[in-house]
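Engineer: the following comprises the amino acid sequence and a computationally predicted model.
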Amino acid sequence: MKRKDLGWNEYFEKEFKQYAEESYSVGRVMLEHKRMYRLATESGEYLAEVSGKYRYSAFDREDFPAVGDWVVISERSNENKATIHALLARFSKFSRKAAGLITEEQIVAANVDTVFLVQSLNEDFNARRLERYLVMAWESGANPVIVLTKADLCQDIEEKIEEIDKVAFGIPVHIVSVKTATGVEELNSYFIAGKTVALLGSSGTGKSTLTNYLLGEEKQIVQEVREDDDRGRHTTTYRELHVLPSGGLILDTPGMRELQLWEADSALSQSFQDIESLSERCYFRDCTHKNEPNCAVQEAIEKGELDNSRYQSYVKLQRELAYLERKNDKLAQQAEKQKWKKVTSGVRKWKKGK
């Protein structure tokens with residue numbers, strides 16, 4: 001398979017120049033499992049792991065390859081294996097705070113052109129959750145597209161679209177049902193040769209079913225919808241990148257129960273531009289939108305022009321980002337100390353050996 005079919009472009013060509021003269025080649029990460037990687041290359045597929053030097057110089061989780069990344073490798077074709085020596089700079093990445101108490105970035109998808117934000121039109125539908133996904137999608141550098149699945153199970157589609165219109169300004173919205181083959185053909189326009197689309201959403205929204213439909217085969221395991229609440233069961237347990245027969249690539253991801261922000265200051269303004277615009281009309285420039293007179297935001301809420309739940313969502317995301325920023329400042333200081341400890345330790349060992 002040609003590199004271009006796997007998503008290679010001029011951006012990566014430029015990034016790879018410094019390695020080209022060292023007899024290295026490149027591969028794209030299709031699957032990751034416990035620091036082992038399945039790569040697609042022009043020579044075929046390889047099982048790979050990072051070199052000792054790479055591992056030693058990596059300080060954070062984001063320094064390691066993620067699904068969708070392009071990596072610099074040395075091939076051992078007779079073994080169908082490769083060693084990863086470097087990571088080419090990403091042009092986009094969808095990140096979240098890793099689940100749990102640890103403050104660490106988890107890269108969900110790398111080098112993606114388009115992000116399908118998938119929600120099902122049954123019990124899973126949630127406008128507040130979609131706001132959070134939109135903030136992170138804009139921050140990723142990829143183009144967001146809203147895909148509403150299981151249209152055959154919904155009786156009030158128009159009402160759902162009205163809710164979407166209030167939170168997603170100018171973003172394409174597609175109503176689909178794989179079961180009845182409704183609206184799926186419209187998605188083909190995003191799958192151009194060499195372009196990558198990631199499917200993101202909660203468990204059981206139909207991401208794997210949609211992936212299988214587009215692939216034309218049962219690559220991803222799917223389960224039936226639960227009868228008691230119309231919710232799909234969690235199926236996909238890992239991220240995997242697939243090449244479509246018609247061209248383009250699709251990245252299916254596990255459903256995310258936790259979707260905590262990582263960094264999204266500018267994206268927050270973009271996703272909540274209605275509230276940002278109202279803020280500019282407040283009498284006081286530093287208006288907190290609480291008790292100040294002539295507050296345009298509170299006036300809009302009172303008149304019913306702005307949904308209070310949307311405003312509360314905006315405030316919650318602001319607080320979350322502020323807290324994360326404080327935590328990251330402390331972590332950055334600790335990481336810098338650890339880095340210099342590592343360097344000092346290496347120098348001491350070198351001197352001792354000398």
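Structural biologist: Nice, thanks for sending it over.
Engineer: just for the stretch 51-200 of the chain, where's the confidence low?
Structural biologist: 96-105 (pLDDT under 70).
Engineer: what do you get if the cut-off is 90, keeping everything else the same?
Structural biologist: 56-62, 77, 93-109, 122-141, 153-157, 160, 162-170, 200 (pLDDT under 90).
Engineer: which stretches of it form strands?
Structural biologist: Along the stretch 51-200 of the chain, the segments classed as strands by DSSP state E, counting those that start in this stretch run 70-76, 81-87, 93-97, 105-110, 114-120, 143-149, 173-175, 196-201.
Engineer: can you put those strands in TSV and add mean neighbour count?
Structural biologist: Using the backbone N, CA and C atoms, a C-beta is placed for each residue, glycine as well. Below are these laid out as TSV (neighbours: other Cβ atoms under 10 Å):
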stretch	mean neighbour count
strand 70-76	21
strand 81-87	20
strand 93-97	21
strand 105-110	22
strand 114-120	24
strand 143-149	23
strand 173-175	17
strand 196-201	26
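Engineer: nearest to residue 182, of the ones you listed?
Structural biologist: Ranking the strands of the stretch 51-200 of the chain by proximity to residue 182 (Cβ to Cβ) places strand 173-175 first, at 7.2 Å.
Engineer: helices or strands up against the closest one?
Structural biologist: Counting contacts by 3 or more Cβ pairs under 8 Å, 6 or more residues apart in numbering; DSSP states H and E, strand 173-175 is packed against strand 143-149, helix 157-167.
Engineer: strand partners of the shortest one, parallel vs antiparallel please.
Structural biologist: With DSSP bridges as the criterion, the sheet partners recorded for strand 143-149 are strand 114-120 (parallel), strand 173-175 (parallel).
Engineer: list of residues touching the longest one?
Structural biologist: Translated: strand 114-120. 94, 109, 125-126, 129-130, 133-134, 137, 140, 142-150, 153, 187, 190, 195-202, 204-207, 210, 232 (Cβ atoms under 8 Å, 6 or more residues apart in numbering).
Engineer: between strand 196-201 and it, find me the angle.
Structural biologist: 30 degrees (axes from the mean of the first three to the mean of the last three Cα atoms, to 10 degrees).
Engineer: how much distance is there from strand 114-120 to the middle of the chain?
Structural biologist: On the basis of Cα atoms, centre = their mean, to the nearest Å, strand 114-120 is displaced by 10 Å from the centre of the chain it belongs to.
Engineer: next one: the shortest one
Structural biologist: Between the centre of strand 173-175 and the centre of its chain there are 19 Å (Cα atoms, centre = their mean).
Engineer: do the same with stretch 272-279
Structural biologist: 25 Å.
Engineer: got it, and stretch 164-182?
Structural biologist: Worked out by Cα atoms, centre = their mean, stretch 164-182 lies 19 Å from the chain centre.
Engineer: distance between the ends of that stretch?
Structural biologist: Terminal residues of stretch 164-182 are spaced 19 Å apart (Cα to Cα, to the nearest Å).
Engineer: in which helix or strand would I find the nearest residue to residue 252 once chain neighbours are set aside?
Structural biologist: Excluding the flanking residues, the one nearest residue 252 by Cβ to Cβ, 6 or more residues apart in numbering is residue 211, at 4.5 Å. If you go by DSSP states H and E, residue 211 is part of helix 207-215.
Engineer: helix or strand right after that helix?
Structural biologist: Next element after helix 207-215 (DSSP H and E): strand 240-243.
Engineer: helices or strands up against that next one?
Structural biologist: Helices and strands touching strand 240-243, as assessed by 3+ Cβ pairs under 8 Å, 6+ apart, comprise strand 25-33, strand 249-252.
Engineer: circling back to that earlier point, how much space separates the residue nearest to residue 252 from residue 238?
Structural biologist: 13 Å (Cβ to Cβ, to the nearest Å).
Engineer: between these two, who's got more neighbours?
Structural biologist: Counted by other Cβ atoms under 10 Å, residue 211 and residue 238 do not tie: residue 211 has more neighbours, with 23 against 11.
Engineer: pLDDT score assigned to that one?
Structural biologist: Note for residue 211: predicted pLDDT of 91.
Engineer: so what does the nearest residue to residue 314 once chain neighbours are set aside have for phi and psi?
Structural biologist: Among residues not flanking residue 314 along the chain, residue 272 sits closest, at 4.9 Å (Cβ to Cβ, 6+ apart). The phi/psi pair for residue 272 (degrees, to the nearest 10) reads phi -120, psi 50.
Engineer: so what's residue 272 up against?
Structural biologist: Contacts of residue 272 by Cβ under 8 Å, 6+ apart are 131, 310, 314.
Engineer: what comes into contact with stretch 281-297?
Structural biologist: The set of residues external to stretch 281-297 that reach it, using Cβ under 8 Å, 6+ apart, is 275, 278-280, 298, 306, 311.
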